[in-house]
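Student: Need coordinates for the following:
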Amino acid sequence: MRVWVTSSDVDMLNHAIRLHDKSGVDAALKVLIGLVLLGLLSPHEFGGDPVPITPQSLLVVLIPVVFGWKIGTTTVVLYLLAGGCGLPVFAEGTSGIDRFTGVTGGFLLAFPIAALIVGFASEQRFRFPALMALLYLLLGQFLILLLGLFWMEQITHEPLSFIAQLREFAPGLAVKAGLGTVIFVVLDRIFGSEKV
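Tutor: Here you go, the predicted model:
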């Protein structure tokens, strides 16, 4: 039984969701939607003790999973530029170039890397798209966490227990990946991408 399906067998979800007939305008509209979602939702925190759950890292990987690596990575880079220029779009409504050089800067710098990787992977279609979306969402967030913690360790010069940190962040990552998968499935059903 084949799990992988070539792109000629199935359209990406990006191609199923068409906002405009012209591909350039369609891509620009999708980037704009991604920026609005990141800008409005990323500053918020929800519950989570001791680690609050923010939609920021979920959106950073969900957008490229849905729209592919080009739109996803472009959206994330523009989002980082907006926050770096002073718009309060980062977690807790923070902004500024100093966010990239501080202790948590590695998380922000990991965003476009994760977007590129999961966006590219999502363009390789599989027989079980919902399962693969879940795996990509987990992978992307795990990559952000790993690179962010590595950066933090280098800045503080204090060794971190990556296993302990992963245990601490795992519940939030799982919740966000589950929510992202539900959103992916709903979009897939609404826009009627081909099933295999």
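Student: What residues does the spatially most central residue of the chain make contact with?
Tutor: The centroid of the chain falls nearest to residue 61 when counting by Cα atoms, centre = their mean (1.4 Å). Applying Cβ atoms under 8 Å, 6 or more residues apart in numbering to residue 61 gives the contacts 114-115, 118, 136-137, 140-141, 144, 180. (Glycine included, C-beta is placed from N, CA and C.)
Student: where along the protein do the helices fall?
Tutor: Using DSSP state H, the helices of the chain run over 13-16, 23-41, 56-67, 69-84, 105-122, 129-156, 162-191.
Student: Taking their axis directions, the last one and helix 56-67 sit at what angle?
Tutor: For the pair helix 162-191 and helix 56-67, the angle between their directions (axes from the mean of the first three to the mean of the last three Cα atoms, to 10 degrees) equals 40 degrees.
Student: With only the CA atoms kept, save the lowest-mean-pLDDT helix or strand in the chain in PDB.
Tutor: Lowest on mean pLDDT, DSSP states H and E among the helices and strands of the chain sits helix 13-16, with a mean of 84. This file holds the C-alpha atoms of helix 13-16, laid out as PDB (Å, rounded to 0.1, in the frame of the first residue of the first chain):
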ATOM      1  CA  LEU A  13      -4.700  22.300  -0.100                       C
ATOM      2  CA  ASN A  14      -3.300  25.600  -1.200                       C
ATOM      3  CA  HIS A  15      -4.600  25.000  -4.700                       C
ATOM      4  CA  ALA A  16      -8.000  24.000  -3.400                       C
END
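Student: helices or strands next to it in the packing?
Tutor: helix 56-67, helix 162-191 (3 or more Cβ pairs under 8 Å, 6 or more residues apart in numbering; DSSP states H and E).
Student: now these as TSV including distance to residue 102?
Tutor: As requested, the helices and strands packed on helix 13-16 are exported to TSV (distance: least, Cβ to Cβ, whole Å):
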stretch	distance to residue 102
helix 56-67	16
helix 162-191	17
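Student: and the ones you listed, which is most packed in?
Tutor: helix 56-67 (a mean of 28; mean count of other Cβ atoms under 10 Å).
Student: Would you quantify the distance from the residue nearest to residue 107 when sequence neighbours are not counted to residue 110?
Tutor: Nearest residue to residue 107 in three dimensions, chain neighbours excluded: residue 148, at 3.5 Å (Cβ to Cβ, 6 or more residues apart in numbering). Distance from residue 148 to residue 110, counting by Cβ to Cβ, to the nearest Å: 6 Å.
Student: Residue 131 too?
Tutor: Taking Cβ to Cβ, one finds residue 131 at 24 Å from residue 110.
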